[in-house]
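# Dropping the sequence and predicted coords here.
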Amino acid sequence: MCPELFNLGPLSIKTYGFFVALGFAAAIYYLSRQAAKQALSVETILDLGLYILLSGLIGARAIYVALNWGFYRSNLLEIFFIWSGGLVLYGGVVTAFIAVFFYLRKKKYDILKFADLFSPAFFLGLAIGRIGCLCAGCCYGRPTTGFWGIVFSNTKAFAPLNIKLVPTQILESLFSFIVFVFTHYLNRKKIFNSQTFFTAIIIYSLWRFFIEFFRGDDRGPMIFNRLYPSQFISILFLVISSVSLYYLWKKNLRQYPGQE
């Protein structure tokens with residue numbers, strides 16, 4: 001693949017960082033368009049974008065560093081080299097969600113309504129960002145003999161070289177784009193606020209639990225000797241979202257019994 005786009009003297013422009021930035025820009029553009037259609041403040045969307053960017057990067061990087069502390073404790077400066085790869089999605093989601101929650105609460109916005117609005121944008125950004133993972137060779141899959149395997153040969157890639165690997169980055173990108181389209185249209189048909197948000201979490205949690213079996217990179221220490229950290233978090237998110245979705249659905253039926 002192509003871990004580096006080009007070099008400007010001593011400065012190397014990483015493909016991973018480029019696609020992560022492109023995904024973020026696409027998500028913010030999508031949010032701005034949707035906000036305008038719903039008579040929401042575009043300035044608020046841009047402010048939230050900054051909060052999401054900063055808090056998401058901090059959380060995603062912090063979890064990755066924690067899981068790979070054996071390396072980083074001897075290379076402290078490299079903790080800040082996020083353009084080279086090394087982000088844990090769930091870590092970024094949690095910290096970004098916390099930051100957005102307190103921002104919206106302070107501004108007295110409808111948090112559940114905004115959660116629905118942000119769901120498609122998140123998956124659009126993720127779909128594009130995973131292309132960066134493919135280019136960098138991070139988040140790679142297990143060895144395979146199947147026809148679908150991909151081979152990395154660039155010595156700067158994070159993935160093992162010259163062997164066929166499950167194309168987990170491509171699968172994640174395609175899946176995320178499908179969820180983006182689905183949640184975009186679900187927002188048009190939803191019955192109550194947060195329906196899209198919790199449905200998206202349920203879908204992705206199931207997917208993430210499944211795809212972890214095909215990941216070949218370091219997944220962190222096993223939990224209960226059975227689950228990878230991301231799988232354990234997926235189960236937690238799945239349970240919480242399922243219970244929340246059911247509760248809100250029943251609450252909506254009590255208020256509007258004719259919608260059952």
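Received it, and whenever you're ready, just let me know what you need. Keep in mind that what you see is a predicted model, and the values were worked out from it rather than measured. Numbering: from 1, shown residues only.
# show me what contacts residue 2?
15, 135, 154 (CB atoms under 8 Å, 6 or more residues apart in numbering). All C-beta atoms are positioned from the backbone trio N, CA, C, and that covers glycine.
# Show only the entries of those residues found in helices.
Those of the contacts of residue 2 mapping onto helices are 15, 135, per DSSP state H.
# Same list, the contacts of residue 2, but as a markdown table with distance to residue 111 please.
Converted to a markdown table, those look like this (distance: CB to CB, whole Å):
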| residue | distance to residue 111 |
| --- | --- |
| 15 | 35 |
| 135 | 35 |
| 154 | 44 |
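# Any idea how many residues pack against the residue nearest to residue 95 when sequence neighbours are not counted?
Excluding its sequence neighbours, the residue lying closest to residue 95 (CB to CB, 6 or more residues apart in numbering) is residue 59, at 2.8 Å. Residues contacting residue 59 under the criterion other CB atoms under 10 Å number 23.
# correct me, but residue 59 touches residue 89?
No - between residue 59 and residue 89 no contact is recorded; they are 9.6 Å apart, counting by CB atoms under 8 Å.
# Buried ones only from the contacts of residue 2, please, as a PyMOL command.
Only the buried members of these enter the following PyMOL selection, criterion being 16 or more other CB atoms under 10 Å:
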select buried, resi 15+135
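# between the contacts of residue 2, which is closest to residue 220?
residue 135 (23.3 Å; CB to CB).
# Now the closest one: closest residue in space that isn't a chain neighbour?
residue 15 (3.8 Å).
# Quick check, pLDDT for the one you found.
If you check residue 15, the pLDDT there is 86.
# measure it to residue 168 for me?
17 Å (CB to CB, to the nearest Å).
# same check, this time on residue 186
Relative to residue 168, and taking CB to CB, residue 186 is found at 26 Å.
# Show me what stretch 110-125 is in contact with.
By CB under 8 Å, 6+ apart, stretch 110-125 touches 23-24, 26-28, 30-31, 34-35, 38, 40, 48, 93, 100-101, 104-105, 176-177, 179-180, 183-184, 187, 190, 193-197, 200, 204.
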